[in-house]
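Undergrad: here is my input, please return the structure:
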Amino acid sequence: MPRVPYADLENLPEEARPYLGARRSPQGNVFKMIANAGKATTGYLGFGAILRQNLAIDLLHYEYVIVRVANLSRAGYVIRQHEAFLRKQKVSEDIILALRVRPDSPVFTEKERAMLRLTDEIVLNVRASEATFAAAAKHFSPEQLMHIMLTIGQYMMTSRIVETFDVDLQPLSSEG
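TA: You can find the predicted model right below:
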């Protein structure tokens, strides 16, 4: 049971509606909770939509970062939603398990391991080490590195919202 009531999405600011409509699960409890932010909801939804619609990284890499951040944050809601999406994309259970417990696994490419090490260090230490950053920079352009960083930040915030407000899991949508 959530710590505060979910907002009614019918009362969402008009400018936020297109961003919500672009989501895979627009009626998701996370969005009902975030809608409690009033007009700030537009900024949150807009940021996520603009990032996802203009990704400089591969969509699966984006999802790997999200799932890794969610696992490090122990955010069951985010883990469940995004692992379901990975399964619909036919990502192997070995990869999904490695995202949970072993991001240095050989199931990942060298590029993916560098991205996941970067993710771990940013989430756990705020700043990536010189060695980790340099390894990631060998595989990703400055724009791609920034998109990884923005994804990490967005999903650290989302994970903290769902955990702090006790957002309820709901049945997975047919779209994931």
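
Undergrad: so what secondary structure elements neighbour the host helix or strand of residue 66?
TA: Residue 66 belongs to helix 59-73 when assigned by DSSP states H and E. Counting by 3 or more Cβ pairs under 8 Å, 6 or more residues apart in numbering; DSSP states H and E, the packing neighbours recorded for helix 59-73 are helix 76-88, helix 93-101, helix 110-125, helix 142-164. Using the backbone N, CA and C atoms, a C-beta is placed for each residue, glycine as well.

Undergrad: export these as a markdown table, with columns for distance to residue 29 and mean neighbour count.
TA: As requested, the helices and strands packed on helix 59-73 are exported to a markdown table (distance: least, Cβ to Cβ, whole Å; neighbours: other Cβ atoms under 10 Å):
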| stretch | distance to residue 29 | mean neighbour count |
| --- | --- | --- |
| helix 76-88 | 8 | 19 |
| helix 93-101 | 22 | 16 |
| helix 110-125 | 23 | 19 |
| helix 142-164 | 8 | 18 |
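
Undergrad: just for the chain, where's the confidence low?
TA: Scanning the chain for pLDDT under 70 picks out 173-176.

Undergrad: repeat the analysis, applying 80 as the threshold.
TA: 21-26, 170-176 (pLDDT under 80).

Undergrad: using PDB, write out every CA atom in stretch 16-29.
TA: Written as PDB, here are the backbone C-alpha positions of stretch 16-29 (Å, rounded to 0.1, in the frame of the first residue of the first chain):
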ATOM      1  CA  ALA A  16       2.300  16.300 -19.500                       C
ATOM      2  CA  ARG A  17      -0.300  14.200 -21.300                       C
ATOM      3  CA  PRO A  18       1.700  13.600 -24.600                       C
ATOM      4  CA  TYR A  19       4.700  12.500 -22.500                       C
ATOM      5  CA  LEU A  20       2.600  10.000 -20.500                       C
ATOM      6  CA  GLY A  21       0.900   8.700 -23.700                       C
ATOM      7  CA  ALA A  22       4.300   7.800 -25.100                       C
ATOM      8  CA  ARG A  23       5.100   5.500 -22.200                       C
ATOM      9  CA  ARG A  24       4.800   1.700 -22.500                       C
ATOM     10  CA  SER A  25       2.600   1.500 -19.400                       C
ATOM     11  CA  PRO A  26       0.900   4.900 -19.200                       C
ATOM     12  CA  GLN A  27      -1.400   3.800 -16.500                       C
ATOM     13  CA  GLY A  28       1.400   2.400 -14.400                       C
ATOM     14  CA  ASN A  29       1.300   3.100 -10.600                       C
END
